[in-house]
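J.: After the sequence you'll find the predicted model.
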Amino acid sequence: MPELPEVETVRRGLAPHLVGRRIAKAQTKRADLRFPFPTRFAKRLEGRRVEALTRRAKYLLAELDDGAIWVTHLGMTGRWSVVGAKQQPGDFYYAEPPNPAHTHVIVEIEKGARLEFNDPRRFGYMDLIAREDFDEHPWFKGLGPEPLGNAFHAPYLAEAFAGKTANVKSALLDQRVVAGLGNIYVVEALHRAGIAPTRAAGSVSKQRLETLASAIRSVLEEAIAAGGSTLSDYASVDGKQGGFQQRFRVYDREGESCVSPKCGGVIKRAVHGGRSTFWCARCQRL
């Protein structure tokens with residue numbers, strides 16, 4: 001599933017084609033994706049001007065001029081494409097073109113681009129939410145701070161982790177603690193911070209939380225700059241795969257040597273909560 005850097009990469013790729021522009025025509029080719037489209041979804045998009053394109057956690061948010069927010073979640077395999085765009089964002093690796101049979105939403109921008117949403121597995125979803133209802137919507141109510149925002153820092157983590165006996169990896173994956181973090185970037189950040197993923201969250205010292213907060217920011221920023229990570233189906237707006245997987249230090253490197261200088265450890269793998277965890281037992285301390 002695309003994580004925060006992949007969604008942010010898509011947002012940055014879509015923004016020049018959407019923000020400040022009016023939707024001339026919209027079309028849905030089926031009644032649903034993961035969930036049914038809202039009533040008169042395509043018609044409600046038509047004629048609307050996109051005032052802003054933002055991101056909350058792993059959701060894309062297009063703020064419309066009628067007070068509605070057009071929400072898109074990419075699911076596992078969803079992707080937006082800008083058909084025929086002359087300039088495309090990022091320096092990514094080429095991916096296979098999407099199969100037209102799985103194009104489910106088409107949006108034509110007035111005097112602009114044609115956007116297509118393609119999703120083979122149909123785990124993605126969309127909705128239109130009134131701006132005044134957004135904060136209380138079940139998808140967004142209770143989300144933690146953005147890890148790249150000003151509200152995310154070591155003192156916040158100390159407060160959020162206080163008394164928690166759950167391991168630190170699980171705590172970071174809890175969207176109520178931090179919004180948008182996923183498995184890949186959590187294990188990468190924990191390695192950079194030298195913290196074992198199995199350590200109880202409430203036992204991590206304040207000093208090491210400073211290192212962890214910094215590591216989370218840096219790994220996300222690097223991944224966004226690289227266009228995200230591609231493990232299977234994810235592709236950015238320009239149809240190219242993200243390149244951060246070339247920089248993985250622990251993820252999917254079971255049995256390989258740790259890249260930390262003078263470490264000499266070997267990357268281990270275990271399954272926690274149905275997800276693979278990768279770490280170096282020598283430089284990631286309990």
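T.: Arrived safely, thanks for sending. From a predicted model like this one, the values you see are computed outputs, not experimental measurements. Numbering: from 1, shown residues only.
J.: List the contacts of L209.
T.: 154, 157-158, 161 (C-beta atoms under 8 Å, 6 or more residues apart in numbering). Placement of C-beta: from N, CA and C, glycine included.
J.: Any of these buried? List them.
T.: Applying 16 or more other C-beta atoms under 10 Å to the contacts of L209, the neighbour count classes 154, 157-158, 161 as buried.
J.: wait, which of the contacts of L209 is closest to K111?
T.: Nearest to K111 among the contacts of L209 is L157, at 46.9 Å by C-beta to C-beta.
J.: dump the residue contacts of that closest one.
T.: 204, 209, 212-213.
J.: Would you verify that it is located in a strand?
T.: No: remark: L157 does not belong to a strand; assigned using DSSP: H, G, I helix; E, B strand; the rest coil, it is helix.
J.: What distance do you get for it to R55?
T.: Distance, L157 to R55, by C-beta to C-beta, to the nearest Å: 21 Å.
J.: what number of residues lie near the residue nearest to S170 when sequence neighbours are not counted?
T.: Of all residues not flanking S170 in the chain, G273 sits nearest, at 6.3 Å (C-beta to C-beta, 6 or more residues apart in numbering). By the measure other C-beta atoms under 10 Å, the count of residues near G273 is 11.
J.: go on, the one 4 residues further on?
T.: Residue neighbour count, defined by other C-beta under 10 Å, stands at 22 for T277.
J.: ok, it - contacts?
T.: T277 neighbours (C-beta under 8 Å, 6+ apart): 169, 187, 197-198, 269-271.
J.: ranking the residues you listed by neighbours, who comes first?
T.: V187 (26 neighbours).
J.: Out of the contacts of L157, which comes closest to R192?
T.: L212 (8.5 Å).
J.: Which SSE is immediately downstream of the one helix or strand T9 maps to?
T.: Under the criterion of DSSP states H and E, T9 resides in helix 4-18. Heading C-terminal from helix 4-18, the first helix or strand you meet, by DSSP H and E, is strand 23-28.
J.: How far does that next one sit from its chain's centre?
T.: 25 Å (C-alpha atoms, centre = their mean, to the nearest Å).
J.: So which residues make contact with that strand?
T.: Contacts of strand 23-28 (C-beta under 8 Å, 6+ apart): 37, 41-43, 45-50, 104-110.
J.: Just the CA atoms of the following helix or strand past that strand, as PDB, please.
T.: Next helix or strand after strand 23-28 toward the C-terminus (DSSP H and E): helix 41-45. Written as PDB, here are the backbone C-alpha positions of helix 41-45 (Å, rounded to 0.1, in the frame of the first residue of the first chain):
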ATOM      1  CA  PHE A  41     -20.400  12.000  -7.600                       C
ATOM      2  CA  ALA A  42     -19.400  12.900 -11.200                       C
ATOM      3  CA  LYS A  43     -22.000  15.600 -11.600                       C
ATOM      4  CA  ARG A  44     -21.100  17.200  -8.300                       C
ATOM      5  CA  LEU A  45     -17.500  17.500  -9.500                       C
END
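J.: Report the buried residues of helix 41-45.
T.: 41-42, 44-45.
J.: And stretch 210-222, by the same measure?
T.: Counting neighbours by 16+ other C-beta under 10 Å, stretch 210-222 gives 210-213, 215-217, 219-220 as buried.
J.: mind putting those residues in CSV, secondary structure, pLDDT and distance to W70 included?
T.: Shown next, in CSV, are the buried residues of stretch 210-222 (DSSP: H, G, I helix; E, B strand; the rest coil; pLDDT from 0 to 100; distance: C-beta to C-beta, whole Å):
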residue, secondary structure, pLDDT, distance to W70
E210, helix, 98, 38
T211, helix, 98, 38
L212, helix, 98, 35
A213, helix, 98, 32
A215, helix, 97, 34
I216, helix, 98, 29
R217, helix, 97, 29
V219, helix, 93, 30
L220, helix, 94, 25
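J.: Tell me the one of the residues you listed nearest V178?
T.: I216 (7.7 Å).
J.: helix, strand or coil for the nearest residue to that closest one once chain neighbours are set aside?
T.: Closest residue to I216 apart from its sequence neighbours, by C-beta to C-beta, 6+ apart: A189 at 4.5 Å. A189 carries the three-state label helix when classified by three-state DSSP.
J.: what does L53 give?
T.: strand.
J.: got the end-to-end distance for stretch 99-115?
T.: 15 Å (C-alpha to C-alpha, to the nearest Å).
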